[in-house]
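Visitor: Sequence below, structure please.
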Amino acid sequence: MKLWQDLFGTDYGLMSIAGIIFMIGMAIWFVRFFLRKIAQSSDQQ
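Guide: The predicted structure follows:
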């Protein structure tokens, strides 16, 4: 229970959550970006 209190109740916990969410969002964006570029590349050939 202390883990959840630290994660959601402290500034370093909230920054950790923000960092994790940012990294996951960035990963999703890069995957979609590269898949789109691969599809465009294969269409041109």
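
Visitor: contacts, neighbours, all on C-alpha from now
Guide: Will do.

Visitor: Check the residue sitting nearest the centre point of the chain and give its pLDDT.
Guide: In the chain, the centroid-proximal residue (C-alpha atoms, centre = their mean) is I24; its distance is 1.5 Å. I24 carries a pLDDT value of 98.

Visitor: need the longest helix for the chain.
Guide: helix 11-44 (DSSP state H).

Visitor: which other helices and strands contact that helix?
Guide: With contacts taken as 3 or more C-alpha pairs under 8 Å, 6 or more residues apart in numbering; DSSP states H and E, helix 11-44 sits against helix 2-9.

Visitor: if we can go back for a sec, please identify the buried residues of the longest helix of the chain?
Guide: By 16 or more other C-alpha atoms under 10 Å, the buried positions in helix 11-44 come out as G13.

Visitor: Please apply the same query to stretch 4-13.
Guide: 7, 13.

Visitor: From the chain's centroid, how far away is the longest helix of the chain?
Guide: 5 Å (C-alpha atoms, centre = their mean, to the nearest Å).

Visitor: any idea how far W29 is from Q40?
Guide: According to C-alpha to C-alpha, to the nearest Å, Q40 and W29 sit 17 Å apart.

Visitor: Over to D11?
Guide: 27 Å.

Visitor: same check, this time on A39
Guide: Distance from A39 to W29, by C-alpha to C-alpha: 15 Å.

Visitor: what sits up against the helix or strand of the chain with the lowest mean pLDDT?
Guide: When the helices and strands of the chain are compared on mean pLDDT, DSSP states H and E, helix 2-9 comes out lowest with a mean of 93. The contact list for helix 2-9, computed with C-alpha atoms under 8 Å, 6 or more residues apart in numbering, reads 13-14, 16-17.

Visitor: if we go to 10 Å?
Guide: The contact list for helix 2-9 (C-alpha atoms under 10 Å, 6 or more residues apart in numbering) reads 1, 10, 12-17.
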